[in-house]
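J.: coordinates only, no sequence provided:
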Ligand code: PMP
């Protein structure tokens, strides 16, 4: 297996954005972490000799770093459609963002969510009143179920938490409708956009959502930086997420100990020396994705169609779906089970014999995966997940489909007919 070579892929599709080889290793695991955009790598390389402490140093490098850090905040605000008055807090990733939000919500907040959420959205709310809604098989029922659940919550603030796109099935949740229902009931809504933002524009303004959480490493930047963006009031009133320098405005000695006046903006929750390089990378990735959104979507739509039609030809392969609605919009993530082949074995064979990287397991969404495998009449609680992105080529998709035919050993070997644009035996 050849390692990804620096360069660009997808030139023929007009998406010359990504570091990564088009030959050799086929990374079909973008939903876990996406490869670094060439533009991001170049920007980080350029900044690398200059990074220094932000906000506090008087030197030139510190001034450059502070400028770059705050410009990244602006880029993330634009990327997420932040409104005047919204705060952008830099975090480590989506998990960190949602844990920060969980600390910031008022004590008596009721949290309402669907039980098929990723663990990052499902688990941080311990100690709050949590109402888990069994995810219905139709999107309209999900909206109705949310209305009922909100009406049944005890008095006090209420927060709906929902993923923009499922990390298991790639299906989009009806976020705008859920936001409308939440607001009609006087609740707030937070969107886990870890999986949606790499594939679709996510705008707080357009969705009329209150908070959004993103991860840089899913947005074609390296690891270590993410953001929570949204309404400032709860964040301003909450205890700092971490206590330390940067979060504190004034510290003084008092007879009974130490007196602290905390900052009230984003710095309140960004104590310690920040990940300036990571934040810069995140900001550049956000700007690049926004600038190329149409091409990103077109590239993925073509490959997803090719993948869908290819998988449909593999005997004994069943895709997992949250919703039965035929018109459910999806990003390029597909999970499936294959009769008689254990997902771990299938994923290992795809890697060892074909150089294809997929993921198997329950994808940090145990309840969702168990439920969906069961609904697909499968055994066990795990599946194989294939996820597409800018590092994916047609050859990767074709290699996967061919490999699945060979590994299942059933039926003829299929190839993609370039002339008529469909799979033929
Ligand atoms: N939410 C969803 C829907 C995800 O897919 C993931 C990552 N698998 C997360 C949250 C957590 O993201 P991170 O690991 O970057 O914190």
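T.: Arrived safely. Since we're looking at a predicted model, the values are computed, not measured. Numbers count the residues shown, from 1 in each chain.
J.: assign a three-state SS to the residue in the stretch 251-400 of the chain that the ligand sits nearest to, would you?
T.: Nearest residue of the stretch 251-400 of the chain to the ligand: residue 364, at 5.4 Å (CB to the nearest ligand atom). Bear in mind the C-beta positions are built from the backbone N, C-alpha and C, glycine included. Assigned with DSSP: H, G, I helix; E, B strand; the rest coil, residue 364 falls in the coil class.
J.: helix, strand or coil for residue 190?
T.: Under three-state DSSP, residue 190 comes out as strand.
J.: which parts of the stretch 51-200 of the chain sit against the ligand?
T.: Neighbours of the ligand within the stretch 51-200 of the chain, by CB under 6 Å from any ligand atom: 93-95, 118, 120-121, 163, 167, 192, 194-195.
J.: cutoff 5 Å now
T.: 93-95, 118, 120, 163, 167, 192, 194-195 (CB under 5 Å from any ligand atom).
J.: what's the distance between residue 328 and residue 354?
T.: Here the distance between residue 328 and residue 354 works out to 30 Å (CB to CB, to the nearest Å).
J.: so where do the helices sit in this protein?
T.: Taking DSSP state H, the helices of the chain run over residues 38-47, 60-79, 94-104, 119-122, 139-151, 175-184, 204-207, 232-237, 276-291, 293-311, 343-354, 366-375, 394-408.
J.: give me the distance from the first one to the chain's centre.
T.: Relative to its chain's centre, helix 38-47 lies at 22 Å (CA atoms, centre = their mean, to the nearest Å).
J.: now do the last one
T.: Using CA atoms, centre = their mean, we find the averaged C-alpha position of helix 394-408 to lie 26 Å away from the chain's own average C-alpha position.
J.: give the rounded mean pLDDT of it.
T.: On average, the pLDDT along helix 394-408 is 93.
J.: kindly report the same for the second one.
T.: pLDDT averaged over helix 60-79 equals 96, rounded to a whole number.
J.: so for it, what gets flagged as buried?
T.: Across helix 60-79, burial judged by 16 or more other CB atoms under 10 Å covers 62, 64-66, 68-70, 72-73, 75-77, 79.
J.: for the lowest-mean-pLDDT helix or strand in the chain, which outside residues touch it?
T.: Lowest on mean pLDDT, DSSP states H and E among the helices and strands of the chain sits strand 415-417, with a mean of 73. For strand 415-417, contacts defined as CB atoms under 8 Å, 6 or more residues apart in numbering pick out 306, 310, 394, 398, 401-402, 422-424.
J.: redo the residues you listed as TSV? Include distance to the ligand and neighbour count.
T.: Shown next, in TSV, are the contacts of strand 415-417 (distance: CB to the nearest ligand atom, whole Å; neighbours: other CB atoms under 10 Å):
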residue	distance to the ligand	neighbour count
306	23	20
310	24	22
394	25	17
398	26	18
401	24	24
402	28	17
422	31	12
423	29	19
424	35	11
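J.: picking up where we left off before, residue 121 is in contact with the residue of the stretch 251-400 of the chain closest to the ligand, correct?
T.: No: here residue 364 does not reach residue 121: they are 10.0 Å apart, not a contact under CB atoms under 8 Å.
J.: and the two? which has more neighbours close in?
T.: Ranked by neighbour count (other CB atoms under 10 Å), residue 364 and residue 121 place residue 121 first, with 26 against 17.
J.: once you drop chain neighbours, what's closest to the more buried one?
T.: Among residues not flanking residue 121 along the chain, residue 192 sits closest, at 4.6 Å (CB to CB, 6 or more residues apart in numbering).
J.: tell me who's in contact with the one you found.
T.: With contact taken as CB under 8 Å, 6+ apart, residue 192 is in contact with 94, 98, 117-118, 120-121, 161-164, 213.
J.: repeat for residue 392
T.: Counting by CB under 8 Å, 6+ apart, residue 392 has contacts 26-28, 30, 300, 303, 332.
J.: please report how far it lies from residue 398.
T.: Distance of residue 392 to residue 398, given as CB to CB: 11 Å.
J.: same check, this time on residue 180
T.: 42 Å.
J.: ditto for residue 173
T.: Applying CB to CB, the value for residue 173 to residue 398 is 31 Å.
J.: so residue 351 sits against residue 357, correct?
T.: Yes: Residue 351 is within contact range of residue 357, at 6.2 Å (criterion: CB under 8 Å).
J.: compare those two (neighbour count), which wins?
T.: Remark: of residue 351 and residue 357, residue 357 carries more neighbours, 19 against 16, as counted by other CB under 10 Å.
J.: nearest to residue 113, out of the helices of the chain?
T.: The closest of the helices of the chain to residue 113 is helix 119-122. By CB to CB, the value is 6.5 Å.
J.: from the contact counts, what lies against the closest one?
T.: Where contact means 3 or more CB pairs under 8 Å, 6 or more residues apart in numbering; DSSP states H and E, helix 119-122 is packed against helix 94-104, strand 158-163.
J.: most packed of these?
T.: Each of those was scored by mean neighbour count; the highest is strand 158-163, a mean of 25, by mean count of other CB atoms under 10 Å.
J.: from the contact counts, what lies against that one?
T.: Where contact means 3+ CB pairs under 8 Å, 6+ apart, strand 158-163 is packed against strand 110-114, helix 119-122, helix 139-151, helix 175-184, strand 188-192.
J.: that one pairs with which strands?
T.: Taking DSSP bridges as the criterion, strand 158-163 pairs within the sheet with strand 110-114 (parallel), strand 188-192 (parallel).
J.: compute the number of surrounding residues for the nearest residue to residue 400 once chain neighbours are set aside.
T.: With CB to CB, 6+ apart as the criterion, residue 400 has its nearest non-adjacent residue at 5.6 Å, and that residue is residue 356. Neighbour count of residue 356, defined by other CB under 10 Å: 22.
J.: how close does residue 356 sit to residue 396?
T.: 7 Å.
J.: need the overlap of contacts for these two.
T.: Common neighbours of residue 356 and residue 396 (CB under 8 Å, 6+ apart) are 26, 28.
J.: which positions in the stretch 201-350 of the chain make contact with the ligand?
T.: residue 215.
J.: out of the helices of the chain, nearest to residue 319?
T.: Nearest of the helices of the chain (CB to CB): helix 293-311, 6.5 Å.
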